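Undergrad: Give me a model of this one.
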Amino acid sequence: MIKRRWPRAWFTAGLVGLILVIVPLSRGTAASQTGSALFDPPAVYLTWRHDPTSTMTILWHTSSESDDVVQYRRSDEPAWHMVMGAHHPLPFSDRIVHLVELTDLEPASDYRFRFGDHSVEFAFRTLPRALREPMRFVVGGDMMQRAEWFQETCRRAAQYDPWFVIIGGDIAYADGDPSKVERWIEWFAIWKQTMVTSDGRLIPLLAAIGNHEVSGGFNRRSDQAPFFYSLFPLPASRSYRVLDFGNYMSLIFLDTQHTQAIAGAQTDWLAERLAERSTIPHLFVISHVPAYPSVRPYTYWVSAKIRKYWVPLFEQFGVDVVFEHHDHAYKRTHPILAGAVDPRGIVYLGDGAWGVRIRQPRQDWYLAKTADRRHFILVTLDNEKRRFQAIDSDGTVFDQMEQGVASGFMLTP
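TA: So this is what the prediction gives:
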């Protein structure tokens with residue numbers, strides 16, 4: 001797998017354009033306010049549309065229209081600043097989704113924010129521009145068939161203080177159905193309550209689309225995934241995207257035939273983005289349906305299309321690991337190259353069992369390790385190696401793997 005140099009490219013989100021106004025405010029703390037209850041939205045979550053080292057996108061929900069205002073400051077500075085954003089309705093509900101993107105932030109820095117003078121305060125940390133210490137993040141999907149399973153795994157994952165969480169689709173199991181919007185409301189309530197670090201910072205999330213975000217699951221339009229496109233800031237009517245972290249990591253999110261076809265425009269886009277990033281030390285792909293499934297048959301139609309159109313590009317441009325979901329089990333493949341086990345190949349990790357009823361994986365030539373456990377994957381990166389640990393909802397590490405960054409080869413099974 002040969003890595004080459006790349007020019008940087010960004011893709012802006014397609015939500016309502018933001019009006020940004022930054023005004024210094026006198027110092028104050030939410031805790032000092034008296035005479036009325038502090039404003040505490042039922043849902044508050046963080047993500048990125050642009051550079052994670054210098055931006056943060058803040059979303060929160062209300063049950064009525066209110067100001068789209070965030071006040072923020074560095075934790076070690078006294079002055080508050082104000083940013084105004086935008087809002088839109090959450091379809092089929094009385095909720096309003098508010099969005100503000102903070103820009104020109106300092107890398108690897110702690111910030112605090114609030115929604116006006118009479119608000120609870122929240123905290124976050126920007127990511128570093130260079131990887132000078134090990135980075136930890138969590139990957140998982142197929143999240144909330146049952147709320148208690150979802151909550152249990154969230155609490156366990158948060159104990160590792162991940163810098164962020166990657167969600168591989170099938171999030172709230174609302175199926176784009178207007179009658180199931182309450183599942184999203186419950187999902188965000190649990191997320192807000194559980195996904196906080198030990199020192200009180202909110203853990204950002206990055207989400208891919210899955211079939212349970214979409215009415216009909218496959219071969220649909222973006223308006224048939226109304227909650228997903230409303231809740232997560234994405235390029236206009238397009239669920240595939242790339243996010244770059246300094247010059248040390250790139251994440252590529254793909255749509256496995258849910259609201260975008262695998263063949264055609266998405267594959268062309270993928271080839272261009274991978275070619276631009278083939279020298280990045282840590283290059284990962286996130287998608288929902290697996291190319292190499294652990295439960296469904298190898299011949300499953302979506303898996304076959306992924307192997308036909310995308311896997312050759314993954315191999316050509318040196319993708320290091322592909323995170324897959326959908327099958328409600330755990331799997332780690334052997335390294336695969338050109339349809340065979342090869343130490344120079346790509347490992348596919350999955351298969352989506354955060355908070356769902358687990359299934360019994362089968363055996364096949366490409367499967368190195370399988371398990372029927374609810375789990376997440378803890379990823380730890382530095383400049384020399386990357387480690388992947390499969391951790392179940394009880395906190396047991398039941399599988400792990402290390403790769404060398406320079407070689408890409410597996411160091412430990």
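Undergrad: wait, what's in contact with residue 116?
TA: Listed by Cβ atoms under 8 Å, 6 or more residues apart in numbering, the contact partners of residue 116 are 39, 67, 69, 71. All C-beta atoms are positioned from the backbone trio N, CA, C, and that covers glycine.
Undergrad: By neighbour count, which of those residues wins?
TA: residue 71 (20 neighbours; other Cβ atoms under 10 Å).
Undergrad: What strands line up against the helix or strand that that residue is a member of, and which way round?
TA: Following DSSP states H and E, one finds residue 71 within strand 69-74. When pairing is defined by DSSP bridges, strand 69-74 lines up against strand 80-84 (antiparallel), strand 110-114 (antiparallel).
Undergrad: List the buried residues for the helix or strand that contains residue 386?
TA: Assigned by DSSP H and E, residue 386 belongs to strand 385-392. For strand 385-392, a neighbour-count test (16 or more other Cβ atoms under 10 Å) marks 385-392 as buried.
Undergrad: which one of the residues you listed sits closest to residue 139?
TA: Set against residue 139, the nearest of those by Cβ to Cβ is residue 388 (8.6 Å).
Undergrad: ok now do that closest one, which residues does it touch?
TA: Counting by Cβ under 8 Å, 6+ apart, the residues that residue 388 touches are 321, 332, 349, 377-379, 400-402.
Undergrad: before we move on, what about residue 178?
TA: 91-92.
Undergrad: List the residues that contact residue 186.
TA: Per Cβ under 8 Å, 6+ apart, neighbours of residue 186: 144, 147, 172.
Undergrad: quick one: the last one and residue 278, what's the gap?
TA: Right, residue 172. From residue 172 across to residue 278, the span is 35 Å (Cβ to Cβ, to the nearest Å).
Undergrad: Between these two, tell me which one has more neighbours.
TA: Between residue 172 and residue 278, counting by other Cβ under 10 Å, residue 172 is the more crowded of the two (26 against 18).
Undergrad: The more buried one: what's it in contact with?
TA: 143-144, 180, 183-184, 186-187, 212, 227.
Undergrad: list the buried ones in the following helix or strand past the strand holding residue 386?
TA: The first helix or strand that comes after strand 385-392 along the chain, using DSSP H and E, is strand 397-404. Buried residues in strand 397-404, counted by 16+ other Cβ under 10 Å: 399-401, 403.
Undergrad: Return the distance of strand 397-404 from the chain's centre.
TA: 21 Å (Cα atoms, centre = their mean, to the nearest Å).
Undergrad: can you check stretch 305-325 too?
TA: 18 Å.
Undergrad: what about that stretch, start to end distance?
TA: In stretch 305-325, first residue to last residue: 16 Å (Cα to Cα, to the nearest Å).
Undergrad: got the buried residues for it?
TA: Neighbour-count burial for stretch 305-325 flags 305-307, 309-311, 313-315, 317-325 (criterion: 16+ other Cβ under 10 Å).
Undergrad: just to revisit the earlier point, any chance of the contacts of residue 388 in a markdown table, plus distance to residue 176?
TA: As requested, the contacts of residue 388 are exported to a markdown table (distance: Cβ to Cβ, whole Å):
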| residue | distance to residue 176 |
| --- | --- |
| 321 | 30 |
| 332 | 31 |
| 349 | 27 |
| 377 | 27 |
| 378 | 31 |
| 379 | 30 |
| 400 | 36 |
| 401 | 35 |
| 402 | 39 |
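Undergrad: which stretches of the stretch 1-150 of the chain have low pLDDT?
TA: Within the stretch 1-150 of the chain, the stretches with pLDDT under 70 are 1-35.
Undergrad: re earlier: ok, the contacts of residue 172 vs residue 77, which is closest?
TA: Taking the contacts of residue 172 together and measuring to residue 77 by Cβ to Cβ, the closest member is residue 187, at 34.0 Å.
Undergrad: For the closest residue to the closest one other than its chain neighbours, give its distance to residue 186.
TA: Excluding its sequence neighbours, the residue lying closest to residue 187 (Cβ to Cβ, 6 or more residues apart in numbering) is residue 172, at 4.1 Å. Residue 172 sits 8 Å away from residue 186, going by Cβ to Cβ.
Undergrad: Residue 208: which of the strands paired with strand 69-74 is closest?
TA: Among the strands paired with strand 69-74, the nearest to residue 208 by Cβ to Cβ is strand 110-114 (26.0 Å).
Undergrad: What's the first helix or strand after that closest one?
TA: strand 122-125.
Undergrad: What are the buried residues along that following strand?
TA: Under the neighbour-count criterion of 16+ other Cβ under 10 Å, strand 122-125 has 122, 124-125 buried.
Undergrad: Let's have the residues you listed in JSON lines, adding distance to residue 196.
TA: Formatted as JSON lines, these follow (distance: Cβ to Cβ, whole Å):
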{"residue": "122", "distance to residue 196": "9"}
{"residue": "124", "distance to residue 196": "10"}
{"residue": "125", "distance to residue 196": "12"}
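Undergrad: Specify which member of the residues you listed is nearest to residue 108.
TA: residue 125 (7.2 Å).
Undergrad: looking at it, residue 255 is touching residue 237, isn't it?
TA: No - contact criterion Cβ atoms under 8 Å: residue 255 and residue 237 do not qualify, at 11.1 Å.
Undergrad: So between these two, which is more surrounded?
TA: Between residue 255 and residue 237, residue 255 has the larger neighbour count (other Cβ under 10 Å), namely 24 against 12.
Undergrad: and that one, what is it in contact with?
TA: 208-209, 239-240, 262, 266, 287-288.
Undergrad: hey, where'd the strands end up in the stretch 201-350 of the chain?
TA: All strands of the stretch 201-350 of the chain, identified by DSSP state E, counting those that start in this stretch, fall at 205-207, 241-245, 249-253, 282-286, 321-323, 330-333, 336-337, 340-341, 347-350.
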